[in-house]
Each structure stands twice: as C-alpha cells, then as structure tokens.
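1. quick one, what's the 3D model for this:
(chains A and B)
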Amino acid sequence: KNEVEQSPQNLTAQEGEFITINCSYSVGISALHWLQQHPGGGIVSLFMLSSGKKKHGRLIATINIQEKHSSLHITASHPRDSAVYICAVSIQGAQKLVFGQGTRLTINP
Amino acid sequence: NAGVTQTPKFRILKIGQSMTLQCTQDMNHNYMYWYRQDPGMGLKLIYYSVGAGITDKGEVPNGYNVSRSTTEDFPLRLELAAPSQTSVYFCASSYSDPTDTQYFGPGTRLTVL
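-> Modelled structure (predicted):
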C-alpha cells in the first residue's frame, strides 16, 4: 500500500463546479504539500500545510492531522484549472517528500 | 531570477550510453533534489543534497550518481543507460528541509532505446 493515496485518480467536471480532491497518508508527517502539474509538464507548489486550512484565490486546502487526511478544493472551476494535482508529504525525521500518484482534473467549458 | 533550470529538455540515448543531466538554481537554496516521474506513478526521489559537498541516496538511486560542488549546481549522471531509466526527470530546490516549498525545474524527458 502506498504511503500517500489520492482520490479520485481522474476527475472530469463542468466549468463552475466545486471540485474536491482528497489525499490520505499512513505515516507521521511534518508537513503536507499540494502541487499542480500543468499539461506541459511544469510543476508548481500550491500550498504547504502543517495544520488547519489555507486559501489562495479560488483554491482552499485543509488538513486533519488526527485523521491523516487532506483535501484540496477549487471553487468556481475554470478550464484553466485542468491539470494534475499532486499531494506530497514530508515524513517526520526524513529528508524527503513522498508523493501521491496525482489526480488528473479536466474542466470542460 | 531564472529559478531552477535543467538541460537538456529532451534526450534519446542508446542502451549502454552515459549522460549528465544538468540542474542549476539561482535562489541560493541549500537543498536540491532529483526526482523521476514514470507514467501513472508518483514522483520518486533519486538523490538529494542538503548543501555543497553533501549528497545522499533517495528511494531509487541505482544506476545514477550525483555531485554537489557548488550551491548552484546539482548534476545527475546516468552510467550505462538502460530502458528502465526511460522517464521524465525533475530537479527541485528548497531553502531548507522538505517542509519548505520546493521549486521545480521544467524537466528532462529521457528515452533509452
């Protein structure tokens, strides 16, 4: 079993819909990251969370440390949000990130 | 401020050939990483460095070598390329440990035939 599991693996929605992507992990962590990989392949960091909730524009990320679960929400989704969203955790005491397999999101106009 | 740059963008190698993937960052970051991304799989850590002169293995180091002689550069060497090394390679950097935001290069798509 992977240490980091994302769901769903693929998600197709219509423009304007509210999107939720989930990430569960099975190890002790220092932080959780959400990343976005554009269709061209570039990867950018969206959020780093160690507790609670963060918001940036239409994106909201939450984490529940006790339940070992995080969610990424997109409000008023737009076709330009189409990308692969990747969850990664910084394992306690280790100098590395462990990545989920990614969620491919497609927003249709 | 170019961020993290990688060269080349694409490369085709024959089995048994060697090559070096270049990675440079201009943000004065201490930590640098090499990842590979295989289709349908999450990114896997190959090697990382916490500062000039210090490197360590990640999850999938076999078939690769690294060096870190300067803060800016972290080249990845492939010796005796094999088809299993066909992948997209990403270099990344962060100012401090993996709790810090990582900045990724554009990637190198490598095919070994």
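2. near chain A, which residues of chain B?
-> B:31, B:33, B:40-45, B:48, B:50, B:56, B:58-59, B:88, B:90, B:92, B:97-104, B:106-107, B:109 (Cβ under 8 Å from any Cβ of the partner chain). Using the backbone N, CA and C atoms, a C-beta is placed for each residue, glycine as well.
3. mind listing which of those residues are in strands?
-> Using DSSP state E, the subset of the residues of chain B next to chain A located in strands is B:31, B:33, B:44-45, B:48, B:50, B:56, B:88, B:90, B:92, B:103-104, B:109.
4. contacts for the helix or strand containing A:Ser30?
-> For A:Ser30, the host element (DSSP states H and E) is strand A:29-37. For strand A:29-37, the external contacting residues (Cβ atoms under 8 Å, 6 or more residues apart in numbering or on different chains) are A:23, A:25, A:43-50, A:61, A:63, A:70, A:72, A:83-92, A:97, A:102, B:97-99, B:101-102.
5. one more pass at 6 Å, please.
-> Contacts to strand A:29-37, defined as Cβ atoms under 6 Å, 6 or more residues apart in numbering or on different chains, come from residues A:43-50, A:61, A:63, A:70, A:72, A:83-86, A:88-90, A:92, B:99.
6. kindly report the same for stretch B:67-86.
-> The contact list for stretch B:67-86 (Cβ under 6 Å, 6+ apart) reads B:13, B:16-24, B:32, B:34, B:49, B:52, B:55, B:63-66, B:111-112.
7. which among these count as buried?
-> B:13, B:19, B:21-24, B:32, B:34, B:49, B:52, B:55, B:64, B:66, B:112 (16 or more other Cβ atoms under 10 Å in any protein chain shown).
8. a markdown table for those residues, including distance to B:Leu80?
-> What follows is the buried ones among the contacts of stretch B:67-86, written out as a markdown table (distance: Cβ to Cβ, whole Å):
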| residue | distance to B:Leu80 |
| --- | --- |
| B:Leu13 | 10 |
| B:Met19 | 11 |
| B:Leu21 | 15 |
| B:Gln22 | 19 |
| B:Cys23 | 21 |
| B:Thr24 | 25 |
| B:Met32 | 24 |
| B:Trp34 | 18 |
| B:Ser49 | 23 |
| B:Ala52 | 27 |
| B:Thr55 | 20 |
| B:Tyr64 | 11 |
| B:Val66 | 16 |
| B:Val112 | 10 |
